[in-house]
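Chemist: here is the input, now give the coordinates:
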Amino acid sequence: MATPAETLAARLRERRAQIGIVGLGYVGLPLALAAVRAGFPVLGFDVDLGRVEALNRGEGAFHHIPGEALARARAAGAFAATADLARLSEPDAVLICVPTPLTRHREPDLTYVEATARAIAAALRPGQLVVLESTTYPGTTAEVMRPLLEAGGLRVGQDVFLAYSPEREDPGNPEFGTAQIPKVVGADDPASRRLAEALYGALTVATVPVSSAAAAEAVKLTENVFRAVNIALVNELKLVYDAMGIDVWEVIAAAATKPFGFMAFQPGPGLGGHCIPIDPFYLAWKAREFDVPARFVELAGEVNTRMPYHVVERLAAAVDRTGRAFSGARVLVLGLAYKRNVEDTRESPSLKLIRLIEARGARALYHDPLVPVLPPTREHPELAGRRSQALSPALLAGVDAVLIATDHDGVDYGMVAAHAPLVVDTRNVMARRGHAGPTIVKA
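Modeler: Sure thing, here's the model as predicted:
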């Protein structure tokens, strides 16, 4: 008689296994479509009933995800979404793609992971594989997930299987979609690791097995801490070189011509997205448990967190130089998403910029072609419902300054240069587009 591991391995090999994905956002939805393309039926779970209904109509895809792919999958019966967590017993493999934010005190908040694990445990049956993809600190899978899943008597590695495989999505990147990015896989028992490798080997170009779930969790943190530290470095260099009258973007572009030993990172108004602003704090928090300081990591977090304050100082000084008091000024924030050409506002520095601008008595408007209405956010709920202003010569001429926070391609920067009385550019996009002059200031 076949063991639960052997039965699941055969179902994965023959594409008969149903894949369940919890959290149909920027990570879960691309993963669902990758599984469909690989030949697996997918049942998606989300607590947002409105989103579930939209997905079941073949709608609700993001700007960088073709809506037709979702509609085709739905029409073919290969994809369905539900808010009924009791159905978690149906999939053969359940992949968890839920948020892992920070608390107000910048400590890990595993509320969504724990709630999902409890919901899975309530429906868990022998032969299921559970994989956590959410970014978290080393030890979460073993210390948090496993006890919750085993509370009902099923044993991980024998009856059910548990692994960690960090998401590596880069929304809006046309070269690397889910299937083109190698998948790191870690588990604490051989059966779980083999099953996770078999699953992701069918979905992606390659798998990268590591010795444990904790090692896989550390891989994800390392990738994003590396980026956070280097972004903090160029952000600090921006402050230093600005004081010297040197253009940091010119310096970086020239340094990047060296064919070895240098990797170009770009400064900006602060960090956004669900990973880079958060992951360093997850690692620093966990390091304290072992009495090991993570000084570089914590310093990078501090530097990046302070960048919106620097930008608003530069903005206020630039407005003051025009003879207009910053208090009472009208500022158009150009770009609300955290990243070029995506609509994702999670942890966007633009939201912090708006709050800081208005705290100093100015009025902040925004234009973002991908964010017509600002959705509710954890950190800035009071901004929800604000609407993007239509970009026009009249709007530009009617504000005291334009603050470029996100450099979307779908913006007429020539119009901005021609009609805005002052442009404060945090992304160097005006220079890249050939616009310069006394009314354009870099920050």
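
Chemist: rest of the way, CA atoms for contacts and neighbours
Modeler: OK.

Chemist: contacting residues for the closest residue to Val47 other than its chain neighbours?
Modeler: Nearest residue to Val47, sequence neighbours excluded (Cα to Cα, 6 or more residues apart in numbering): Ala83, at 5.2 Å. For Ala83, the residues meeting the contact criterion (Cα atoms under 8 Å, 6 or more residues apart in numbering) are Phe45, Asp46, Val47, Asp48, Leu49, Val52.

Chemist: quick one: which of those residues sit in strands?
Modeler: When DSSP state E defines the strands, the subset of the contacts of Ala83 inside them is Phe45.

Chemist: now the element after the one helix or strand Leu239 maps to, going C-ward?
Modeler: When secondary structure is defined using DSSP states H and E, the element that contains Leu239 is helix 213-243. Elements were assigned by DSSP H and E; along the chain past helix 213-243, the next helix or strand is helix 248-255.

Chemist: tilt between that following helix and helix 213-243?
Modeler: Our comparison of helix 248-255 with helix 213-243, counting by axes from the mean of the first three to the mean of the last three Cα atoms, to 10 degrees, yields an angle of 120 degrees.

Chemist: just checking, what packs against the helix or strand following helix 248-255?
Modeler: Using DSSP H and E, the helix or strand that directly follows helix 248-255 along the chain is helix 279-289. Helices and strands touching helix 279-289, as assessed by 3 or more Cα pairs under 8 Å, 6 or more residues apart in numbering; DSSP states H and E, comprise helix 213-243, helix 295-321.

Chemist: possible to save these as TSV with mean neighbour count?
Modeler: Formatted as TSV, the helices and strands packed on helix 279-289 follow (neighbours: other Cα atoms under 10 Å):
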stretch	mean neighbour count
helix 213-243	20
helix 295-321	18
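
Chemist: can you list the ones you listed in TSV and add distance to Val94 and mean pLDDT?
Modeler: Converted to TSV, these look like this (distance: least, Cα to Cα, whole Å; pLDDT from 0 to 100):
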stretch	distance to Val94	mean pLDDT
helix 213-243	16	96
helix 295-321	32	94
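
Chemist: dump those helices into JSON lines; add distance to Leu395 as well.
Modeler: Formatted as JSON lines, the entries for those read as follows, by distance: least, Cα to Cα, whole Å:
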{"stretch": "helix 213-243", "distance to Leu395": "30"}
{"stretch": "helix 295-321", "distance to Leu395": "17"}
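
Chemist: returning to what we had before: highest neighbour count among the contacts of Ala83?
Modeler: By neighbour count, taken as other Cα atoms under 10 Å, the most surrounded of the contacts of Ala83 turns out to be Phe45 (26 neighbours).

Chemist: what residues are up against that one?
Modeler: By Cα under 8 Å, 6+ apart, the residues touching Phe45 are Gly20, Ile21, Val22, Gly23, Leu24, Val52, Ala81, Thr82, Ala83, Asp84, Leu85.

Chemist: what do you get if the cut-off is 7 Å, keeping everything else the same?
Modeler: The neighbours of Phe45, taking Cα atoms under 7 Å, 6 or more residues apart in numbering as the test, are Ile21, Val22, Gly23, Leu24, Ala81, Thr82, Ala83.

Chemist: equivalent analysis for Glu133, please.
Modeler: For Glu133, the contact set (Cα under 7 Å, 6+ apart) comprises Leu95, Ile96, Cys97, Tyr164, Ser165, Pro166, Glu167.

Chemist: show me what counts as buried in the least confident helix or strand in the chain by mean pLDDT.
Modeler: Taking mean pLDDT, DSSP states H and E as the measure, the helices and strands of the chain show their lowest mean at helix 67-75, namely a mean of 83. Using 16 or more other Cα atoms under 10 Å as the test for burial, helix 67-75 gives Leu70, Ala71, Ala73, Arg74.

Chemist: just give me the closest of those residues to Ser348.
Modeler: Leu70 (26.8 Å; Cα to Cα).

Chemist: ok, Pro99 touching Glu114?
Modeler: No - shown here, Pro99 and Glu114 do not form a contact pair, counting by Cα atoms under 7 Å, at 11.0 Å.

Chemist: these two: who's more crowded?
Modeler: Taking neighbours as other Cα under 10 Å, Pro99 and Glu114 compare with Pro99 leading, 20 against 15.

Chemist: could I get the pLDDT score of the more buried one?
Modeler: Listed pLDDT for Pro99 reads 93.

Chemist: that one and Leu334: what is the separation?
Modeler: Pro99 sits at a distance of 27 Å from Leu334 (criterion: Cα to Cα, to the nearest Å).

Chemist: what of Ala359?
Modeler: Between Ala359 and Leu334 the distance, using Cα to Cα, works out to 19 Å.

Chemist: with Gly437 instead?
Modeler: Gly437 sits 19 Å away from Leu334 when distances are taken as Cα to Cα.

Chemist: look at these two and report which has more neighbours.
Modeler: In this comparison of Gly437 against Leu334, neighbours counted by other Cα under 10 Å, the higher total goes to Leu334 at 27 against 11.

Chemist: okay, and which of the contacts of Glu133 map to strands?
Modeler: Leu95, Ile96, Tyr164.

Chemist: next, format these as JSON lines and append pLDDT, neighbour count and distance to Arg321.
Modeler: Written out in JSON lines, the entries for the ones in strands among the contacts of Glu133 read as follows (pLDDT from 0 to 100; neighbours: other Cα atoms under 10 Å; distance: Cα to Cα, whole Å):
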{"residue": "Leu95", "pLDDT": "98", "neighbour count": "25", "distance to Arg321": "54"}
{"residue": "Ile96", "pLDDT": "98", "neighbour count": "27", "distance to Arg321": "51"}
{"residue": "Tyr164", "pLDDT": "98", "neighbour count": "30", "distance to Arg321": "54"}
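
Chemist: from these, pick the one nearest Arg346.
Modeler: Using Cα to Cα, the shortest approach to Arg346 within the ones in strands among the contacts of Glu133 belongs to Ile96, at 18.7 Å.

Chemist: I'd say that closest one and Val22 touch.
Modeler: Yes - with contact taken as Cα under 7 Å, Ile96 and Val22 are classed as touching, separated by 4.9 Å.

Chemist: related to what we said a few turns ago, next secondary structure after the least confident helix or strand of the chain?
Modeler: strand 79-82.

Chemist: can you give me the offset of that next one from its chain's centre?
Modeler: If you compare the mean C-alpha spot of strand 79-82 with that of the full chain, they lie 23 Å apart, counting by Cα atoms, centre = their mean, to the nearest Å.

Chemist: direction included, what does it pair up with?
Modeler: Sheet neighbours of strand 79-82, with direction, are listed as strand 42-45 (parallel) (DSSP bridges).
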